[in-house]
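**Student:** Predicted model and sequence below, questions to follow.
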Amino acid sequence: MRRLALFAMSIALLAATSAHAEIRIVQSPGGQVGPFLDLFEKVRESGERVVIDGPCLSACTLVLSIVPGERICVTKRAVLGFHAARSVDRRGRFYAEPEASEAVLAAYPGPIRDWISRRGGLTSRLLLLKGRDLAAIYPRCR
């Protein structure tokens, strides 16, 4: 239930700025992949720019695979967080999804794939891309 509330909050934050021809991600802990795919498909179709202005973790990073890179910019507060795909069983235990991890990694733009690979690939450990490393891949927002 808490994850659903956090996802709803993330969606509300994203939708709140859409009238200004940009989507601003200020804090997204991630969540289930499906809703993020649907949301980012709509953003791609809208032609709006995406401003990453805070943490964009886990499934939120799928924006990089769906929205064209020239429509994405980052602020000094931007942080991207990557980890291997995982699912939850009926008992609430996480288990790895290696095929899904491979598919997600392959969908990321080349510079993101390279950055992740240089750090050991997608594992259960959260990899954080921020600061100069992030600004070397995506432009700073104006």
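**Tutor:** On my side now, so go ahead. Numbering: from 1, shown residues only.

**Student:** what about the strands in this structure?
**Tutor:** 22-25, 49-52, 55-57, 72-74, 79-82, 86-88, 94-96, 127-130 (DSSP state E).

**Student:** any idea how far the third one is from the chain center?
**Tutor:** Between the mean C-alpha location of strand 55-57 and the chain-wide mean there is a distance of 6 Å, by Cα atoms, centre = their mean, to the nearest Å.

**Student:** which residues sit against that strand?
**Tutor:** Ile25, Gln27, Ser28, Pro29, Gly30, Val63, Ala78, Val79, Leu80, Gly81, Leu126 (Cβ atoms under 8 Å, 6 or more residues apart in numbering). Where C-beta positions appear, they are placed from N, C-alpha and C, glycine not excepted.

**Student:** Which member of those residues is positioned nearest Cys141?
**Tutor:** Closest to Cys141 out of these is Ala78 (8.7 Å), distances taken as Cβ to Cβ.
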